[in-house]
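>>> Quick check, what structure comes out for this input:
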Amino acid sequence: MLSTTRFTPAGRKNVTRDTDPYLPGKTARHMGVCPACHAVRNGQRWTFDTPTAKMLLKRTGEVDLHRCPACRKIADGFPFGLVTLAGAFLAFHRDEILSIVRNEEKRAMGLNPLARIMSLTEEGGRMEIATTDEKLAQRIGREVHKACSGDIEYTWSDDVKLLRVRWMRDA
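Below is the predicted model of the structure:
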C-alpha cells in the first residue's frame, strides 16, 4: 500500500489566529476597504487590488470601511518584529543594506499585504526596524545575513508574538 502525506504550505501551518489580536475571528459579510492604504478585504483575505478598491470606495453603501490589521498595528505602535542592524560594516554599506531591506519588504507584501515596515530609525551607527509581521523581520535578517554575512541572532518571545533579530558585522 502506498502512503500519502498531505502537503501544507509553510505559511499556512504556522498561522494561528488566536495569537494575533489584530486579526478578526469571524469573517465579515461584505467586502471591505482600508481607508488608509486601500487594501481590499474579501472574507479574511487582504489584497492590494487598486481597481477594485477604487470601485468599492465609490459604492460605500455596500462596503465596510475598516482599517486593515497592518494599519491598526502601525497606528497603535505594536510591532511583531524588531530588527537591529549594527556594526562598522553598516556605516560603509548603509545604502546597499537599506536597499535589501526595502526590496524584502516589497517581496513580502506581494505574498502578504499585512507584512510591512512600521518604522526605520538610525542612531549611533545602528539601524532599528519595526515590522508588523514576525516573518518579515525574519526574512529581512536572513537576506541581510545572506548578502553581507556577519553574525545573526533570532529571539522569539514565549508569551508575546514578537521576534527580535540582531545582525552585526564589524569588518
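>>> Show the low-confidence segments of the protein, by residue range.
1-19, 25-29, 53-54, 57, 59-62 (pLDDT under 70).
>>> Tell me which stretches of it form strands.
32-33, 40-42, 45-47, 64-65, 81-86, 117-123, 126-131, 151-156, 163-168 (DSSP state E).
>>> max-length helix in this structure?
In the chain, assigned by DSSP state H, the helix with the most residues is helix 94-111.
>>> picking that back up, any chance of the strands of the chain in CSV, with distance to Y22 too?
No exception for glycine: its C-beta is placed from N, CA and C like everyone else's. Below are those laid out as CSV (distance: least, Cβ to Cβ, whole Å):
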stretch, distance to Y22
strand 32-33, 14
strand 40-42, 13
strand 45-47, 11
strand 64-65, 16
strand 81-86, 14
strand 117-123, 12
strand 126-131, 13
strand 151-156, 18
strand 163-168, 16
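>>> With mean neighbour count and distance to H145 as added columns, please give those strands in TSV.
Shown next, in TSV, are these (neighbours: other Cβ atoms under 10 Å; distance: least, Cβ to Cβ, whole Å):
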stretch	mean neighbour count	distance to H145
strand 32-33	22	37
strand 40-42	20	34
strand 45-47	14	29
strand 64-65	12	40
strand 81-86	22	10
strand 117-123	14	18
strand 126-131	20	14
strand 151-156	12	4
strand 163-168	20	6
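>>> Compare the ones you listed and give me the one nearest K58.
strand 32-33 (10.5 Å; Cβ to Cβ).
>>> Just checking: what are the partner strands of that closest one?
Sheet pairing here is set by DSSP bridges, and for strand 32-33 it gives strand 40-42 (antiparallel), strand 64-65 (parallel).
>>> so can I have a markdown table of those showing distance to L85?
Shown next, in a markdown table, are the strands paired with strand 32-33 (distance: least, Cβ to Cβ, whole Å):
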| stretch | distance to L85 |
| --- | --- |
| strand 40-42 | 33 |
| strand 64-65 | 37 |
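>>> Find the residue at the geometric middle of the chain.
The residue lying closest to the centre of the chain (Cα atoms, centre = their mean) is A115, at 2.2 Å.
>>> The closest residue to Q138 other than its chain neighbours: what's it in contact with?
Distances taken as Cβ to Cβ, 6 or more residues apart in numbering place L163 nearest to Q138, at 6.0 Å, with adjacent residues excluded. By Cβ atoms under 8 Å, 6 or more residues apart in numbering, the contact set of L163 is 80-82, 134, 137-138, 154-157.
>>> The same query, at a cut-off of 6 Å, please.
Neighbouring residues of L163 by Cβ atoms under 6 Å, 6 or more residues apart in numbering: 81, 134, 137, 156.
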